[in-house]
Every structure is written in structure tokens, then in C-alpha cells.
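In: Below: sequence and its predicted model.
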Amino acid sequence: MSKNSGPTHILAKVIKFGVFLTALIPLIIFNEFISPFHFGKVVIFRSLIEILFAFYLVLAVADKSYRPRANPILFALITFAAIFGLTSLTSVNPYLSFWGSLERMGGFWTFLHYLVFYLIASAILRDKKDWINLLKFFVWTGFISALYGFGQRTNSDFFIGGGNRLRIFGTIGNAALFAGYQLTLFFVGLSLALSDWVRKDRKWFYFLIVGLNALAILMTAVRGSIVGLGLGLLVFVGLYLKNFQSEFSAGQKAMVKRIFVGLLILAAIFASLIFIFQDSGFVQRIHYLNRITDFSLSADTVETRIWAWRAGLTGWLESAKTMIFGFGPENFNVPFSEHFNPQFYRGLGSETLFDRAHNMFVEILVTMGILGFLAYVGIFFFSFKSSSKIIRQANSPDGDKNLKIFGVGFIALLIAYIIHNAFIFDTSANFLVFFSVLGAMTFFSQTARTDQGGVSLQGKFKIALVILLIGVATLIYKTNILPAKANYATTRAIVRGWAGDFSGAVEKFKESVSYDVPGKYEYRHRMTQYVLGPANSAAITPEVGRAVLDVISEVQKNAEERQRDYLPYLYLSRLNIVLGKADPTSPFNDAALEQANRALAISPNFIRTYYELAQAYLNKKEPERAAEYFQQAIDLNPEVGLSYWYLSIAQFELGDTAGGLASVEAAQTYGFALGEIELLRLVNVYRDSNDFQKLAELYKRLTELDDKNPQYFASLAVAYANAGDIDGAVAAALRAGQLDPTFASEAQAFIRSLGR
């Protein structure tokens, strides 16, 4: 039997096949699940790695040639993982730090899988061809994801997230994350296209893929990624010129120099055009150009990121513990909420919760302290060193110029990736490509292995493998399959809710939280949001009331599990408010105040909490206290029209009509649009004061909002008549009769009474 044909060699082939399968994971979408672009990728990746690890553990014990080799990048990754684990233990919420949130599927447990993936790939892929083929496979899957993204610009139902989308996100689910995924593959693809590891007759296709990568990044309109692409490309061309000039003919040198100078000129022209034309009418009319040319610190996304970073860093400076260990991975929302900037709140629909810093360096510093930050920077430091080592080795007399190209490509990739990560964060697809690149970087910078595998797999190892696989099957069921069942039950609840099946929806929500798996926090809140829909209506049915009580008990668990999170308390306040709205003496109103005050203690600047406190006092028929809290909300951010509208409600109840009307004017000044409900409320105010001119204006606006409602036209006719506008009254009365024949005789009588 040859040395390389033994049982362990077969096992290595199985593991290698599994490593290559990981390249397909970025294409996975679980369409009928919460977080469809992240959840499916992570549960499949974790399951695959757990199976591969069982095989690899037996292989590495049986054959020492498959054990990892010490290297600086491995040292950096293990150090970072150790600090990740340590800061998870010291976290303000260890459970969340370990498992991560439902939407991002991060946390220490998932990160360990990326580390194990790196270890397995580094040990199993034992020659250049293996690594080149893996990188090629990733480039191909990135190409497919880009094509999917281009499809999102169409109206085809085949492409999830399509509908002529302006900013594409491929199979990744977020434009910025997709840009980062394509950014890494751009430099990998460019290195492959310029190397001899791609046949000459196929180079054109790799250059085409690289061009499509760049186009995909541009179509995301993510400014940080576009800047990263541009600067990374400049670095690539500069390093390529420096390291390959001795191999160029005079004509080739001149061409490369022209390309480099041309890129510099293009960068200068682009920067100049941004400065000159960013405020021009042409740029302002085209959303894409307006977005990518807006690098102002006052741009919405830039400004909100700065506010988020400031909140996080303010929290980080709170104590020696937070400075050293941070708040714990996945817990950026804690300092963000505690130091919330009220300018975030602009009204209903405002983005007021940043669970990530949208800057990996700030994220790591705040959540993992200075220890995690240094370890994270260390990964890039040793990656740069390894890439430089690849170039040095390739520049030796017997060096491989193809490796030199990859050394250049890796340095450019790292620079672009750092710039990109200064404005976003890593998730599954990005991590997968990055760890694969780190594996290739490690292999290319090391001397070739001389040990070869192929020892026989003894019986005890086979038994160990069976036991391990049984354990892995149990692990997969507990940590991947059960969470998937809970996730799916939640979406079935949502679907039943869309169909109007309230009891069926509540039943499925209860099923989802009964699994008691990671994600239960989000499932409970999803259930709360659904039940609050009918609960906020004028009258609560007994069925809805029972559901509200059930939800309160579930959200209470969230409050107990995350004691530095204001959101569960805010939900508890709202749930009690809807139960107490019909009775001023109801104990639910007092419970609402208690819960809202707990939320306020955690996040003193969160404006919506003041709304809940005020609403509870309105329930208790204490409008003067309600007005105080609405005024405090205005003081926190005087440019929120909704706050003025709410204040007017309390003022009207106090009998302060003039003050209330002044608040209504202020609400509209700051962008609050009066809808049907608001207009009807004002109708009551002006009816009490017999201001028929204002009543006519209000009913006119109501008929514009709903031009099929005969009652609005009938009321408009009466208002016009009382205001002295007889022609208007006649026209409105006739319109009411046209819309509803039952109004016809009454309308005619009304018109005759006007002398017409």
C-alpha cells in the first residue's frame, strides 16, 4: 500500500470536500425564516464544521502530520478567540455574548467555528493547488452572488429583495455586507487573473469576474467600500509595479506606470468632482450620485455612526473593567442605550437601536476592551507580516512570482478590508472568505510540509469517530435544528397573522418561545409586536386581553435576562398601558409607570420612554403630569414634530386650547403630517369653539384624504354653510348625495334651507 493511500488519506479527502463546500454557504438563503440571509448560512456552516471537526479530530490524533503548524496568524487568531471567550464570561450578558443575536448570528460559539474552519483548512489543504482551487471556488460563488445582485435591479420575483432595487445586496442581504464580501473577492480574483495558475485562455473570464465584482461594489453605493476599493487598487498597482518592474520590458513598464498614474488622476478627478458638483442640481436629482458623493460629516449615515461611536466610547470609559474587558461581545447596545443621543429620534420609524457600532474597531474596543482591540489589531498586523514574507520569499532567486502576486493582492485586500470595516461589521459570509484568505496567506508564507499522511486508522479510532459523530448529531440537533424549528414557527405565526388568524398566530408564537433556544429574546418581542396591533385598538376583546397577559409574562423573562436593556421594560409599559386605558384606576396604569421608569433609569435620553410615561398618566386622567413628560421629550430634541402633537393632546385635555393649537402648529413646522385621526381630533377642538372656518378647512383636508366618504362631505357642507360659504356648502352637499344615495334627499333639503 502506498504511503498516501491509507485510510487517513481517505478521511482527509472527505474533510477536504467539506472545506470546499463551505464556499457555497454565502449563496444560502432561508427565505421563510427570520433573518433569511444570515440565519441559514450560520446554522448550515456550524453544522458542517461540527461534522468536519469530528472527522478531523480523529485524523489529527491518528496522524500527527495533519496537526496544525504554529504560525503568527494562528497565534493571533487563538489569542483573539481566547479574549473573545474571556470577555464573554465577564460580559454584562454572557448568554448573548456566547450565542449572539438572532439577526446577526454572531457570538463566541459561532466565532469558534470560524477558528476551527481555519485550523482544519490549514491542516488539510497541503499544497498550492488545493488553496488555489479553494480561492477559485470562492471567486466563482462570489460571481454567482453578484449575478443574483444584478437580478435585484429587475422586477423579477425570482430574486429575493428585488423589485428594481437601487442598492443591490446579492445573496448576503445587506448592501454594506455584500460590498465587503465582493471587496475581498475582487483582490483574490485579480491576483488569480494575473497569475499563471489560471490558464491563458481563461484569464479573460477572471478579469470579467473582477470587473463585475467592482461593478457590484459600485451598485451597493456603500461609500466606505468604494473608497476601500479605490485605495486598495492603488496599493495593488503600486506594489505590483515595485515588485515586478525587473521582469517587465520597457513597454510593459511604461504601460503599468500609465495605469498607475491614470488611477491616481482618476482618484483626483473623482475627489474634485465630488467637491465641485456634490451640491449641484444634477447630482441632487440622482439618488445614487447624491449618496456616493456625500462624504460630509453631516450626512445622515455618517452622522448617526459618529453619534453611535461616541455613545459606545463614552460607555467604554465608564470604568477600568469596561476599558479592559468591555461590555461583552454582542452588547454594544448597552452603552449605546445608556448614552443614547436624543437626536437619533426623529419620529415614528426612526432607527434608535444600534446593536453594532458599524465600525469593527470601535465595536471590538467597546465590547471586548483594550485586550480584544489589541488582539484584533494583531490579526491584521501578523497578516501584513505574512503577506510581506510571501513577497520576500517570492523575490528570492528560486521564488515563485505567482506567490508574489498573491502577496501583493493580500496586502491590498487587507487595506481595503480595514477601510471597509471602519464603517461596518463582519458577518458570516464576510468572515468565511476572510478566514479562507488567512488560511491561504498562512500556507503561502510557510515552507512546504515534508511529512506525509497515510497511516492506518486503527479500530479504536473508528470507535471514537462513531462516538464523536453521535455527539455531533446531538449537538447539531440542540444548537442548530431546534433553533431552526423555533425560527420557522415564528414566521408561521407571522403568516397566520397576515391571514387574520389571531389565535393561530399566538399559538405559533408560543410554540417558538417554548423551544427556549437562542433567539428567544427576539421571538418574544415579535410576539409582543403582533399582539400590540389589535391591543392598541379602541376596545380589547377578551381573547386579545388574555394574549396581552401571556405576552407580559414572556417579556418579563426578557427583562430578567437582560437587566441593562431598556427595551423589555418599554414593551412591558406599553402592554400595561393598553390594559389600563379604559379605567383610570386600573393597577395596570401604575404597573406601566413602574416599567417605564425602569426603562428611563437605563436610558435617560430615550424619547419614546417619555411618551409611555405620559400615556400612562393620560390613562389615569392626569393630563398635567402627561404634559410634563411630553415637554421633557421636546426638551431632549426640540425638532421632533410628534412630541409637539402629543403635548397638544395633553393641553387640550387640560382645557388649554390656545396652547394646544400652538403645539399643533409647532408639530407641523417640524414635519409632523396630520392624518385622518389627528384631523378628527382637531375637529372636536374647533367644534367646541364654534370656529367654522377652521372646521371647513379640516373637513376639506379630510375629503382630500378620503374622497369616497360621504359623511366628510356632508360635514364639510355644514361647516361651509356656518362659515357663510354657500356655494361651497352646496357643492359639498351635492357630492355627499352622489357618493351615497341615502344622503340625496337630506342634501336637497339642506340646499333648499340655504335658499338655493
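Out: That came through, no problem.

In: residues making contact with the host helix or strand of residue 751?
Out: Here residue 751 sits within helix 744-753, counting by DSSP states H and E. Identification of contacts with helix 744-753 by CB atoms under 8 Å, 6 or more residues apart in numbering yields 714, 717, 718, 721, 729, 730, 733, 734, 736, 737. From N, CA and C alone the C-beta is placed, and that goes for glycine too.

In: got the buried residues for it?
Out: Of the residues in helix 744-753, 744, 747, 750, 751 count as buried by neighbour count, 16 or more other CB atoms under 10 Å.

In: closest to residue 326 among the residues you listed?
Out: Top of the list for closeness to residue 326, among the buried residues of helix 744-753 and by CB to CB, is residue 747 at 70.9 Å.

In: Residue 345 is in contact with residue 352, correct?
Out: Yes - in this structure residue 352 lies within contact range of residue 345 using CB atoms under 8 Å: 5.7 Å.

In: Which one's more surrounded, these two?
Out: residue 345 (23 against 19; other CB atoms under 10 Å).

In: residues touching that one, list them.
Out: Counting by CB under 8 Å, 6+ apart, residue 345 has contacts 352, 606, 607, 608, 637, 640.

In: For the closest residue in space to it that isn't next to it in sequence, give me its contacts.
Out: Nearest non-adjacent residue to residue 345, counting by CB to CB, 6 or more residues apart in numbering: residue 607, 4.4 Å away. Counting by CB under 8 Å, 6+ apart, residue 607 makes contact with 342, 345, 633, 636, 637, 640, 643.

In: can we see that at 6 Å?
Out: By CB atoms under 6 Å, 6 or more residues apart in numbering, the residues touching residue 607 are 342, 345, 633, 636.

In: By neighbour count, which of the residues you listed wins?
Out: Ranked by the number of neighbours (other CB under 10 Å), the contacts of residue 607 place residue 633 first, at 25 neighbours.

In: Can you tell me the element that one falls in?
Out: Residue-wise, residue 633 maps onto helix 623-636 under DSSP H and E.

In: same deal with residue 490?
Out: helix 482-498.

In: Just after that helix, pick out the following helix or strand.
Out: Next element after helix 482-498 (DSSP H and E): helix 502-514.

In: contacting residues around stretch 496-515?
Out: Contacts for stretch 496-515 (CB under 6 Å, 6+ apart): 482, 486, 489-490, 492-493, 520, 523-524, 527, 530, 547, 554.

In: so where's the longest helix in this protein?
Out: Longest helix in the chain by number of residues, with DSSP state H as the criterion: helix 360-394.

In: What residues sit buried inside the next helix or strand after that one?
Out: Going down the chain from helix 360-394, the next helix or strand is helix 401-421, by DSSP H and E. Of all the residues in helix 401-421, those buried under the rule 16+ other CB under 10 Å are 402-421.

In: Could you check how far helix 401-421 is from the centre of its chain?
Out: Mean C-alpha position of helix 401-421 versus that of the full chain (CA atoms, centre = their mean, to the nearest Å) differs by 26 Å.

In: Report the angle between it and helix 360-394.
Out: Helix 401-421 and helix 360-394 are oriented at 170 degrees to each other (axes from the mean of the first three to the mean of the last three CA atoms, to 10 degrees).

In: tell me what helix 401-421 is packed against?
Out: Applying 3 or more CB pairs under 6 Å, 6 or more residues apart in numbering; DSSP states H and E, we find helix 401-421 packed against helix 175-194, helix 223-244, helix 360-394, helix 428-445.

In: Domain-wise, how is this protein divided?
Out: Domains of the chain are assigned by automatic domain parsing as 7-57+64-445, 472-621, 674-756.

In: nearest to residue 656, of these?
Out: domain 674-756 (10.9 Å).

In: can you pull the contacts of residue 161?
Out: By CB under 6 Å, 6+ apart, the contact set of residue 161 is residue 152.

In: mind checking the SS state of it?
Out: coil (DSSP: H, G, I helix; E, B strand; the rest coil).

In: Torsion angles phi and psi at it?
Out: Note on residue 161: its backbone torsions stand at phi 90, psi 10 [degrees, to the nearest 10].

In: any weak-confidence spans in the protein?
Out: Applying pLDDT under 70 to the chain flags the ranges 1-7, 248-253, 256, 260, 267, 270-300, 449-457, 538.

In: 80 - rerun?
Out: The chain contains residues with pLDDT under 80 at 1-9, 245-302, 349-351, 399, 447-459, 537-539, 756.

In: tell me which residues of the helix holding residue 490 are tucked away?
Out: 483-484, 486-494, 496-497.

In: Would you format those as TSV with distance to residue 573 included?
Out: Converted to TSV, these look like this (distance: CB to CB, whole Å):
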residue	distance to residue 573
483	29
484	33
486	26
487	28
488	31
489	27
490	23
491	27
492	29
493	23
494	24
496	27
497	23
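
In: Let me know how buried residue 130 is, in neighbour terms.
Out: Counted with other CB under 10 Å, residue 130 comes out at 17.

In: Report the distance from the helix holding residue 751 to the chain centre.
Out: In terms of CA atoms, centre = their mean, the centre of helix 744-753 is found 59 Å from the chain centre.

In: Over to stretch 333-349?
Out: 16 Å.

In: measure it end to end?
Out: For stretch 333-349, the first-to-last residue distance is 18 Å (CA to CA, to the nearest Å).

In: Next, work out how far apart the nearest residue to residue 671 once chain neighbours are set aside and residue 441 are.
Out: Of all residues not flanking residue 671 in the chain, residue 641 sits nearest, at 4.8 Å (CB to CB, 6+ apart). Per CB to CB, to the nearest Å, residue 641 is found 53 Å from residue 441.

In: Work out for me the element residue 685 sits within.
Out: Short version, using DSSP H and E: residue 685 is in helix 676-688.

In: right, and residue 52 touches residue 15 too?
Out: Yes - assessed by CB atoms under 6 Å, residue 52 is found in contact with residue 15 at 5.5 Å.

In: what's stretch 645-657 in contact with?
Out: Against stretch 645-657 from outside (CB under 6 Å, 6+ apart): 623, 626, 627, 630, 659, 660, 663, 664, 667, 672, 685.
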